[in-house]
Each structure stands twice: as C-alpha cells, then as structure tokens.
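Peer 1: Attaching a predicted model along with its sequence, questions to come.
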Amino acid sequence: MNSIITSSQNNLIKETIKLKQKKYRLKENAFLVEGFHLVEEAHVSGVLKQVFYLENNPFTDINAFQVTETVMKKLSDLTSPPGIIGVCLILEKTTLTDKILLMDNVQDPGNIGTLIRSAVAFGFKTVLAENSVDFYNEKVIRSSQGAIFKLSLINANLTDFIKENQDYLYLATDLNAERSLSELSINNKNKIALILGNEGQGVSETILTLVKTRIKIKMEDMESLNVAVAGSIIMYDINRRSEK
C-alpha cells in the first residue's frame, strides 16, 4: 500500500502543479481535471494517466496517489478542492468531420467551454481555434463538463485552413450581414464550417474576406447575443436542418 503524500514539495506534486500553466501543458502534453465526473469522463475516453485522491479511488487500473487535504488544495484550482484530481494526456486529433466549428480570437474560457458542449450536442465534432483561450484551461474544462473528451480539438491558422479546405460551406457570423440564419439554405449534402469571432470585435476582417456567406441571427429588440449563446443557436439550427 502506497503511503500518503503529505508535502506539496514532493517532486511529483511540484511537477503536477506546473500543469496549471499553459506552457507546461504544452510541454508535457497533459492537463488536469478536477472532480469525480470529469475524472470518470477522462477514464472512459482512455486519456487518464494518474489520479490524486483524498480517501477513495475507484480507478484501480490507473496510477493513483493518496494525498492530504493540504496537498489537494495546492493541486486544485477550486476554492473547495474536490476529493479527486486526474492527470490526462492531450491526444493529437486531426479528424475533420462534416460539421466543424472555427473560433477566431474567443477570449472567455466560459464561452469556449459552452461552445464545446454545444458542438458535441449538435454534431460539430471538430473544433478549431486560433488566438483563443487554451482548450485545456481549467475554466474551459469545467464549463465544458467533459465534452472536451468527445471531439477533435485543433489549434490551427484559420486563414490557411480555410484556403486549404475549400470543400466546406463557410458561414461567418457578422452583425452587418444582409442574410439571416433563417434565410440560409442548408441540407445534409453540405459540409459546413461555422466561424465565430471575438466577444467584442467579432470575426476578423482577414477571415471575413475569405468567406462568401455571412450570417446573423434575426432578433427583436436586441442588437447582439453572447458568442456562446449565438453559436449554440446556430449550431442547433444547422444540425436540425442538415438532418432532413
């Protein structure tokens, strides 16, 4: 039986704490998840590498280390640390599905997490991002509720991607667009790429110049919506109509 790790100066703990920083996540190709639900999702997905727990460890096939509450607080990003934290491998996935989401300079981790959840729910199983918050940021992971394990997450130069993948119908959100989402003709023959932009500035002009179809959501008494809300509505509608 392994002894309990009682010091945050333990080498393994110090190395694990570094994964809170993006540069170390990239270096080690690993990230942290907190709480039983996310650890279980990681385990089911086959990316769980290690667990640190306070009392109970149900993942007996994974390297596990019991720690004290003091050590768990150092590992955790939460005010009230969970009973278990997992170290997960970042797997390089490059699969391009028929419906994809492109995020251009989206900066709020809560928005990205919500968009990832909606992408899974509405069939956009590939998500590409440029100049956006790290997919494996702890707030993104929490707000995604495990959805990050169910799709391909790709960091890419969106300009190059659009130029190299012309078989997609690219739809860019633009408050100045003449066409609304409801006027768009979509069927199950289309390969669709939805482009969402920065919370304040929208999709960059550089990318807009590459896209023929710009769309907006028809609204009453409101000029704009939060990017996560707007993106979720659009993905739902595209998925609904492309199934016909």
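Peer 2: Now that the structure is in, tell me what you want to look at.

Peer 1: Which residues are in contact with residue 173?
Peer 2: In this structure, residue 173 makes contact with 194, 195, 196, 197, 202, 203, 214, 215, 216, 230, 231, 234, judged by C-beta atoms under 8 Å, 6 or more residues apart in numbering. C-beta here means a position set from N, CA and C on the backbone, and glycine is covered the same way.

Peer 1: so where's this structure shaky on pLDDT?
Peer 2: Along the chain, the parts satisfying pLDDT under 70 run over 1-2, 244.

Peer 1: ok, 50 please
Peer 2: Across the chain, the ranges flagged by pLDDT under 50 are 1.

Peer 1: Where do the strands of it begin and end?
Peer 2: Secondary structure of the chain by DSSP state E: the strands cover 30-34, 48-53, 63-66, 84-89, 99-104, 126-130, 152-155, 169-173, 179-180, 192-196, 213-216.

Peer 1: Can you give me the distance of residue 204 to residue 121?
Peer 2: Distance of residue 204 to residue 121, given as C-beta to C-beta, to the nearest Å: 27 Å.

Peer 1: So the two - more neighbours on which side?
Peer 2: For the pair residue 204 and residue 121, the greater number of neighbours falls to residue 204 (18 against 14), based on other C-beta atoms under 10 Å.

Peer 1: residues contacting the more buried one?
Peer 2: Counting by C-beta under 8 Å, 6+ apart, residue 204 touches 104, 105, 197, 198.

Peer 1: can you rerun that using 7 Å?
Peer 2: Listed by C-beta atoms under 7 Å, 6 or more residues apart in numbering, the contact set of residue 204 reads 104, 105, 197.

Peer 1: picking that back up, so which of the contacts of residue 173 comes closest to residue 115?
Peer 2: Closest approach to residue 115 among these (C-beta to C-beta): residue 231, at 5.1 Å.

Peer 1: The closest one contacts residue 113, doesn't it?
Peer 2: No: between residue 231 and residue 113 there is no contact under C-beta atoms under 7 Å: 11.9 Å.

Peer 1: neighbour-wise, which of the two wins?
Peer 2: Counted by other C-beta under 10 Å, residue 231 and residue 113 do not tie: residue 231 has more neighbours, with 27 against 23.
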